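S.K.: Give me coordinates for this.
(chains A and B)
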2 protein chains.
Amino acid sequence: MSKNLRTYLNQVKKLLPDQIKIVDKEVEPEFEVSAIIEKLENQGESPMVLFNNVKGSKIPLLINLGANYDRLALAIDSDTKNIVFEYGKKEQNRILVKEVSTGPVKDIILKGSEINLNIFPIIKHNAEDAGKYISAGPTLMKDPDTGNQNLGLYRLQVQSKDELGLFINPANHGFLIGEKYRELGQKMEVAVLIGHHPTVIMSSVSKLENYGGELEVAGGLMGEAVEVIKGETVDLRVPAEQEIVIEGIVDPQLTRDEGPFGEWPRYYTGRGERWFIKITAITMRKNPIYQTVMAAHDEHNILGALPIMGSLIRRIKAVLPTVTNVNLPLSGGGRVRCYISLKQHSDGEAKQAAFIALAVVPNIKHLILVDDDIDVFNEKQVLWALSTRFDAREDLIMMKNCIGSHLIPTAFDITKQKHGNMETKLIFDATRNVTPHLNGKPFPKMARVPVEIVNKIVPEEYLKECTKNFEE
Amino acid sequence: MSKNLRTYLNQVKKLLPDQIKIVDKEVEPEFEVSAIIEKLENQGESPMVLFNNVKGSKIPLLINLGANYDRLALAIDSDTKNIVFEYGKKEQNRILVKEVSTGPVKDIILKGSEINLNIFPIIKHNAEDAGKYISAGPTLMKDPDTGNQNLGLYRLQVQSKDELGLFINPANHGFLIGEKYRELGQKMEVAVLIGHHPTVIMSSVSKLENYGGELEVAGGLMGEAVEVIKGETVDLRVPAEQEIVIEGIVDPQLTRDEGPFGEWPRYYTGRGERWFIKITAITMRKNPIYQTVMAAHDEHNILGALPIMGSLIRRIKAVLPTVTNVNLPLSGGGRVRCYISLKQHSDGEAKQAAFIALAVVPNIKHLILVDDDIDVFNEKQVLWALSTRFDAREDLIMMKNCIGSHLIPTAFDITKQKHGNMETKLIFDATRNVTPHLNGKPFPKMARVPVEIVNKIVPEEYLKECTKNFEE
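M.R.: Numbers count the residues shown, from 1 in each chain, chains lettered A, B, ... in the order given. Prediction:
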C-alpha cells in the first residue's frame, strides 16, 4: 500500500485523534469555511477539518492540515522537537520516483467540455480576495533545458470553469522556468496536484539546489518512492496516488489581471498582470478529497515554514556543521524572521550561517544568531539573548537594497517611491564572544540556583494551601 | 484599618486563592527556598509562597509576591488588562504621607548589641551570589538640599550581623543623593523598609521627576495615605505599618568589596567597591513577616517592570496623549526591550514617545513603536509588525555610546575594551505610514475573513469527532 492522503488521515485519526474534525452541516464556500478556521485560530485551536457538505459541490473539502507542527512531524515520521533536523536529514536522502502504469488518479478522466472547476469545493478565503483560489495545488512543470520536473506552490485564481490565474513569485524557480519558455516562444505544460500525502506539498516548498527534485524529496520524506504515471494531455509524470490532478497549458506570452489575495504576511498584496493556465484535463479518484490551505492564517505560515527550515538546516550544516537548530517563527509569518542556533568555535563564525540563510531564502529579512544554549523555538529566550548578548554597535549588520519579498507592504523598488521587491536586511549576532573580551574576561555566567538542588525538588512535597488568616 | 502586607495577603487569599501557598516543612536558607521557586518557574507556575520554617530563623519568609501581573493588579485595585494605564493614573494622583505617633513597626525595638541580622530568614538566591542578600528592602534617605525623602530599591548584602553592603546603580537618584553627602563630607542616614503593602516596594521602582515622592506615590497607588512615624535613631519618617525597618548610617567616603549577585538580566555581574550601611536600630512588628524578591528570576523582572511601565505611560502621555500602552516584556528582563503602542496622526510622530522613554529609563536598549491595533503584551503581534511594517533603511535609528545598564554583559566603557555603562540603543519604528506613500497608496489592509461572519461562528455547532475510516 503506497502512502497517500488517506493513509495519512487514518494515521492522524489514530495517533492525534483530537486534531481531526468533521463538519457534516452544509457550509457556504464563501467565508463560512474560512470563518470557522479563523475563529478556531483566534481561540488558539488548530485542528484539521474535513467539510463533507460545501454548498454547490459533492466533493469533501479538507483544510488546515498544515496548521501545527505535531501533524507535520507525524507526516515525516519525526517528533515535534526534532522536526527541523529530521526534515533536513530526510530531504537529503532523496528517493527516485517510480513509474507505474495504473493508479487511482485515473479513476475519473475529464476532458473537453467535461472540464469544470465548479465541481470542486473551492473557497474564497479572505474578505477582499479577488475570487476563489486553489491554495493547496503545487504546480508541476518541466525545465526545458534538462527535462527535469519542477514542483512549486503558487496561488491559483479561478478565472473561469477551465482557466486558472497563476502567480509565481519572481524569485522562485518556477518563474525562471516560465521565463525560459517565454524566451523560447513556447508554451509550458503544467499539472496542478491536489491532495496527497503531506510530504508532496511540503516538498514543493523545499529550497533545493538547481531546478526540480521535489518529488524525489517527497519520497525521501515519506520513506518510499512517489509513484508517478503519465499525464493524459501533458508530457509530465504525475503522482498516481494523487486525489486530483489538473493538467493544462500556460502561454507565457499572455497575462491577465490577477489578485489581490491575502498572502502569508497577512496583508492583501499582489494585484497585477500574471500568467494563466488553460485546463486540458482533470483526472481524479472516484471519491476525491479536495484540499485547501487556509491562506493568510497559521496554516499558510506553518506549512510554508517547515520545508524552508529543513532546507536551511541542511544547507547551513553543509558549510557549518555546528548549527543546532533553525526556526522561522510565526511572528515573521514563517518567512521574515529567522533564528539560528549554533555552537560557535571562533568569533565571527556564526555569520557564516547567516550568509547561507540569506542566500537560500530571499524572504528572510531579520536574522538572529544565538548560541546553542538558546532554544530557537522559545521566542522569549531568543529575545533575551538579543537583550543581553548583543550590542548593535558591533553586532548589527544592515544591508540595504537586497531582493526580498514583494508581499511585504514596506518593500520598495529602486526609486524608493514605488512598491517593489527590495528590502533592507538585518543580521543580529546575539552569540557570546568565544575569546575573553571586555576586561579580558570570558562572557559572564547565567545566574541560576544550583542545578543539582533544583533537580531534586518536587514542589508538591512542600506547597500547601494557605488557610491562615493574617492578623491585621 | 490601614492597608499593609497583611491586608493584602488576606485579599490574595480571598480573591486569588490558588496564588498563595504555604510551606511548613523546614527548609535551608541557602538554595532550598530559591530552588523551589526556580522549579515552579520552570514549570510555568508563579505562586507567592510563605515559608514558615526557614532553618535558623523564627520569622516566616515571603517570596515571589511580585511574580505575576494578576497579583500586582490586585494591589493597585486594577485588572491585568488595564494595569499599565491604571498604574500611570494612580501614580499621578499622589497622596501625602500622614504622620502618626504610634504604629506596629514599633512593637519591638532592637538597638546596640541586640542588633542581629541573623534573626531574619535571609536567603542566598543564586549559586554564585557573594552571600545572603536582602532583595526586597527599599532604602529610604533624605535629599540634603530639600529634606525630601527618597525611596529606591537596591541590593543589600549581609556583611556582618549589623552591616549591609549597599549597591546603587550610578544612574539612580539614590546614588546621586549619596554623592551629595560624600561631597558635603557628611554621613547619610538610611532606613531599609521590609514588608508592607506591595505598593510601597512598587513605588520605590517608579520613575519620578526630581528626588523623592515615592511614599506619596504608594499612597496614590493604595488609595490612602501611607502612615509614617519618626525613626528611632535616624531623622527619617518610616511607614508605621511596616513589618521590619532597619535603620542605619552610610559613610559615603568608605567602600567595601560587594557582589557578585544574580541580577535582573539573569547574569552575575557587578562585583566592586561599594558603600555599606552600619545598622543603628531594627524595629519591627511582634510577629513580623520577612519578604524577599526572587532575584534573577521572573519576580525580579515583573515587579521591576510594572512601576516603570506605569511611569512611562504617564510621562509619554504628558507629551503624546495618543499613547495607548507600554510593555517592558520578560524577554528583555522587564527593562531592556520596550514596546509602545500609539495612534499616530502624523508621520514621524511615534518617535516622540521613543525620546521620552529613552530619557526616563536608561535601561531601555531596544524600543519598538507600533500602531494601536497591536497588543504590546502579545509579543508575536509586536514582532509581526516589525516584520511587515518596518524596513530598517528608513525605520531604524541606531544611537551609539549612550548610558545604559552596567548589568548587561555587553555594556562597554569609552575605550570599548572594558566593561562599563555604555550601550548602543535602537529605535524600531514599526508604525504604518499615515500619509499614502509607496505607489501613492495607503498602507495595505490586513487579510481577514469578514469579521461579521467570524463573530457569528460557534465552532462547536459545526465540529464533530472524526469516526470515518478513510478507504485507502
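S.K.: Quick check: closest non-adjacent residue to A:Tyr154.
M.R.: A:Ile168 (4.8 Å; Cβ to Cβ, 6 or more residues apart in numbering or on different chains). For every residue, glycine as well, the C-beta is placed using N, CA and C.
S.K.: How many residues are close by that neighbour?
M.R.: Using other Cβ atoms under 10 Å in any protein chain shown, A:Ile168 has 22 neighbouring residues.
S.K.: So what does it look like in phi/psi?
M.R.: Main-chain dihedrals, A:Ile168, degrees, to the nearest 10: phi -110, psi 130.
S.K.: Does A:Thr233 touch A:Ile279 like I think?
M.R.: No - if you go by Cβ atoms under 8 Å, A:Thr233 and A:Ile279 don't touch, sitting 9.2 Å apart.
S.K.: which of those two has more neighbours?
M.R.: A:Ile279 (22 against 17).
S.K.: Send me the longest strand along chain A as PDB with only the CA atoms.
M.R.: Selection of the longest strand in chain A by residue count, based on DSSP state E, yields strand A:272-284. Provided in PDB are the C-alpha atoms of strand A:272-284 (Å, rounded to 0.1, in the frame of the first residue of the first chain):
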ATOM      1  CA  GLY A 272      -1.100  42.600 -11.300                       C
ATOM      2  CA  GLU A 273      -0.800  41.100 -14.700                       C
ATOM      3  CA  ARG A 274       0.100  37.300 -14.500                       C
ATOM      4  CA  TRP A 275       0.200  34.100 -16.500                       C
ATOM      5  CA  PHE A 276      -2.800  31.800 -16.500                       C
ATOM      6  CA  ILE A 277      -3.400  28.100 -17.100                       C
ATOM      7  CA  LYS A 278      -5.800  26.800 -19.800                       C
ATOM      8  CA  ILE A 279      -7.000  23.500 -18.500                       C
ATOM      9  CA  THR A 280      -6.700  20.500 -20.800                       C
ATOM     10  CA  ALA A 281      -7.800  17.600 -18.500                       C
ATOM     11  CA  ILE A 282      -8.800  16.800 -14.900                       C
ATOM     12  CA  THR A 283      -8.100  13.400 -13.600                       C
ATOM     13  CA  MET A 284      -9.100  12.200 -10.100                       C
END
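S.K.: quick one: buried residues of that strand?
M.R.: A:Arg274, A:Trp275, A:Phe276, A:Ile277, A:Lys278, A:Ile279, A:Thr280, A:Ala281, A:Ile282, A:Thr283, A:Met284 (16 or more other Cβ atoms under 10 Å in any protein chain shown).
S.K.: List just the nearest of those to chain B.
M.R.: A:Met284 (14.6 Å; Cβ to the nearest Cβ).
S.K.: Flag every residue of the stretch 1-150 of chain A that's near chain B.
M.R.: Residues of the stretch 1-150 of chain A lying close to chain B (Cβ under 8 Å from any Cβ of the partner chain) are A:1, A:4-7, A:9-10, A:13, A:17, A:20-25, A:27, A:31-32, A:34-40, A:42-43, A:45, A:47, A:49-50, A:125-129.
S.K.: got a list of what A:Asn363 touches?
M.R.: Counting by Cβ atoms under 8 Å, 6 or more residues apart in numbering or on different chains, A:Asn363 touches A:Arg335, A:Val336, A:Gly404, A:Ser405.
S.K.: From B:Phe355, how far off is the first one?
M.R.: Applying Cβ to Cβ, to the nearest Å, the value for A:Arg335 to B:Phe355 is 33 Å.
S.K.: cool, and the last one?
M.R.: When Cβ to Cβ is applied, the distance between A:Ser405 and B:Phe355 equals 32 Å.
S.K.: more crowded one of these two?
M.R.: More neighbours surround A:Ser405 than the other of A:Ser405 and B:Phe355, with 24 against 14 (other Cβ under 10 Å).
S.K.: Helices of the stretch 201-350 of chain A, residue ranges please.
M.R.: A:214-222, A:298-319, A:350-360 (DSSP state H, counting those that start in this stretch).
S.K.: thinking again about what came up before, what residues are shared contacts of A:Thr233 and A:Ile279?
M.R.: Contacts common to A:Thr233 and A:Ile279, judged by Cβ under 8 Å, 6+ apart, are A:Glu247.
S.K.: And the pLDDT for A:Leu383?
M.R.: Looking at A:Leu383, its pLDDT is 98.
S.K.: which residues touch the residue most central in space within chain A?
M.R.: Geometric centre of chain A, nearest residue: A:Gly304, 1.1 Å, by Cα atoms, centre = their mean. By Cβ under 8 Å, 6+ apart, the contact list for A:Gly304 reads A:Leu153, A:Val205, A:Trp264, A:Gly334, A:Arg335.
S.K.: Excluding sequence neighbours, find me the nearest residue to it.
M.R.: For A:Gly304, the spatially nearest residue (Cβ to Cβ, 6+ apart) is A:Gly334, at 5.2 Å.
S.K.: mind checking pLDDT for the residue of the stretch 351-472 of chain A found nearest chain B?
M.R.: Among the residues of the stretch 351-472 of chain A, A:Ala447 lies nearest to chain B; the distance is 2.6 Å by Cβ to the nearest Cβ. A:Ala447 carries a pLDDT value of 96.
S.K.: quick one: pLDDT of the closest residue to it other than its chain neighbours?
M.R.: Nearest non-adjacent residue to A:Ala447, counting by Cβ to Cβ, 6+ apart: B:Gly262, 2.6 Å away. What the model reports for B:Gly262 is a pLDDT of 97.
S.K.: What's opposite B:Gly262 in the beta bridge?
M.R.: B:Gly262 has these beta-bridge partners by DSSP bridges: B:Tyr268.
S.K.: so it makes contact with B:Ala295?
M.R.: Yes - counting by Cβ under 8 Å, B:Gly262 touches B:Ala295, with 5.3 Å between them.
S.K.: Wait, A:Glu465 touches B:Lys21, no?
M.R.: Yes - counting by Cβ under 8 Å, A:Glu465 touches B:Lys21, with 7.2 Å between them.
S.K.: more neighbours, the two?
M.R.: A count of neighbours by other Cβ under 10 Å puts B:Lys21 above the other of A:Glu465 and B:Lys21, at 20 against 11.
S.K.: does that one belong to a helix or a strand, and which?
M.R.: strand B:20-23 (DSSP states H and E).
S.K.: do you know how far the closest residue to A:Gln92 other than its chain neighbours is from B:Lys456?
M.R.: Once flanking residues are discounted, A:Gln92 sits nearest to A:Arg314: 5.6 Å by Cβ to Cβ, 6+ apart. Plainly put, A:Arg314 is 45 Å away from B:Lys456 if you go by Cβ to Cβ.
S.K.: Please say which of those two ends up with more neighbours.
M.R.: Counted by other Cβ under 10 Å, A:Arg314 and B:Lys456 do not tie: A:Arg314 has more neighbours, with 23 against 10.
S.K.: residue contacts, that one?
M.R.: A:Gly88, A:Lys89, A:Glu91, A:Gln92.
S.K.: Tell me the pLDDT of it.
M.R.: pLDDT at A:Arg314 comes out at 96.
S.K.: if I pick A:Ala35, what's in contact with it?
M.R.: B:Val449, B:Pro450, B:Ile453, B:Val454, B:Lys456, B:Ile457.
S.K.: and the first one, how many residues sit next to it?
M.R.: Pointing back at B:Val449 there. 27.
S.K.: List the residues that contact it.
M.R.: A:Phe31, A:Ser34, A:Ala35, A:Ile37, A:Glu38, A:His125, A:Asn126, A:Ala127.
S.K.: can you name the two of these that are farthest apart?
M.R.: Within the contacts of B:Val449, A:Ile37 and A:Ala127 form the most distant pair, 13.9 Å apart (Cβ to Cβ).
S.K.: Would you mind measuring from the residue of the stretch 201-350 of chain A found nearest chain B to A:Ile249?
M.R.: Closest contact between the stretch 201-350 of chain A and chain B, by Cβ to the nearest Cβ, is at A:Gly262 (2.6 Å). Counting by Cβ to Cβ, the separation of A:Gly262 from A:Ile249 is 28 Å.
S.K.: For A:Asp129, which residues are in contact?
M.R.: Taking Cβ under 8 Å, 6+ apart as the test, what A:Asp129 contacts is A:Pro260, A:Phe261, A:Gly262, A:Tyr268, A:Ala295, B:Ala447.
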